[in-house]
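J.: Compute the structure for the input listed below.
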Amino acid sequence: MRPSLPGQRFANLVARCDEEHVDLPLDTSCLLCAAVFDAGVEPDRYMRKLDALAARAAKAAGGSNDPYARMGGVLKTLFGEGGFRGNHGAYYEPGNSLLSSVLDRRVGIPITLSVIVLETARRVGLTLEGVGVPGHFVVRFPDPSSRLFIDPYQAGAVLDVTDCVALVDKLYRGRITWRDSFLDPVSHRTIVKRVLLNLKNSLSQAKNYVAALAAIELQLVLDPDDPTELRDRGILFARLHRYDRAIEDLETYLRRSPGAGDGETIRHTVEYLRQARGL
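T.: Numbering: from 1, shown residues only. Just a heads-up that it's a prediction; the model follows:
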């Protein structure tokens, strides 16, 4: 699949950051990914939207240098005046994973709303961190010693550790055991990968397999050796009746993941595809 211009720009950005051993710029990365799926997205225009949000947040903080005052300005600007909120009614809508769409509609899922919090805060001089708790995403408060977190999906609600434990327990109904490492911060690269994972899943659910393939190609730019993405790409190729490509990817997955729990299922799938190709 030939990369689009935004896709090539994203690949160039990843290569440059790898060469310089620095993390990805979160805003640029997410906006370039969004532009792959929406030709009308001009990343620079949406960067200016983030700049404008930050300017309002700084004004709301009264020009204070106190981190808590600045954080209050960010929360007021985004979730008070701005009306950003979680898209509870259409959680799996693909637009929830496109940063441009979330900025336009002011609704999204936890991770894209968190990106807006992180990038607005960065612009007012606050270095926040994203935290990928299981099934959710929150933002660590400016003072790590306070052990407070912001939940952008719940209109910027402030959570403590006990709240985070209860949140995960509610989501998984006791099926997973809490670990303190769930509250470890994650890199921008990890955030972008998770945004793309959500996008791939929502596009696949909507049966937009060609667009889902594009999401996988972006994932493979970040991690070319990820066998799970090769498996998923093979399954999508099969759904598009591109059997040779499907077989190639699925066999590569089996070679790279010999002990995979779904190995037997994938082997049966390859056998079926070989038969289907010969029909």
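J.: Show the residue spans covered by the strands in this structure.
T.: 85-86, 107-108, 129-131, 138-140, 149-151, 157-159, 185-186 (DSSP state E).
J.: List the strands paired with the third one, with their directions.
T.: Read that as strand 129-131. Here strand 129-131 has these sheet partners by DSSP bridges: strand 138-140 (antiparallel), strand 185-186 (antiparallel).
J.: Repeat that for the fifth one.
T.: Its sheet considered, strand 149-151 pairs with strand 138-140 (antiparallel), strand 157-159 (antiparallel) by DSSP bridges.
J.: And for residue 237, nearest residue in space, chain neighbours not counted?
T.: With sequence-adjacent residues excluded and distances taken as C-beta to C-beta, 6 or more residues apart in numbering, residue 237 is closest to residue 246, at 3.8 Å. For every residue, glycine as well, the C-beta is placed using N, CA and C.
J.: Spatially nearest residue to residue 221, not counting backbone neighbours?
T.: Leaving aside its sequence neighbours, residue 221 sits nearest to residue 11 (C-beta to C-beta, 6+ apart; 4.9 Å).
J.: From residue 18, how far out is that neighbour?
T.: Separation of residue 11 from residue 18 (C-beta to C-beta, to the nearest Å): 11 Å.
J.: Residue 253 touches residue 225, doesn't it?
T.: No: contact status for residue 253 versus residue 225: not in contact, 11.3 Å apart, counting by C-beta atoms under 8 Å.
J.: Show me which of these two is the more surrounded one.
T.: residue 253 (24 against 8; other C-beta atoms under 10 Å).
J.: give me the number of residues near the closest residue to the more buried one other than its chain neighbours?
T.: Distances taken as C-beta to C-beta, 6+ apart put residue 231 closest to residue 253, at 4.1 Å, once the chain neighbours are dropped. When neighbours are counted by other C-beta under 10 Å, residue 231 registers 22.
J.: Please look at residue 231 and residue 251 and confirm they touch.
T.: No: between residue 231 and residue 251 no contact is recorded; they are 10.4 Å apart, counting by C-beta under 8 Å.
J.: Am I right that residue 270 is in contact with residue 247?
T.: Yes: between residue 270 and residue 247 there is a contact under C-beta under 8 Å: 5.7 Å.
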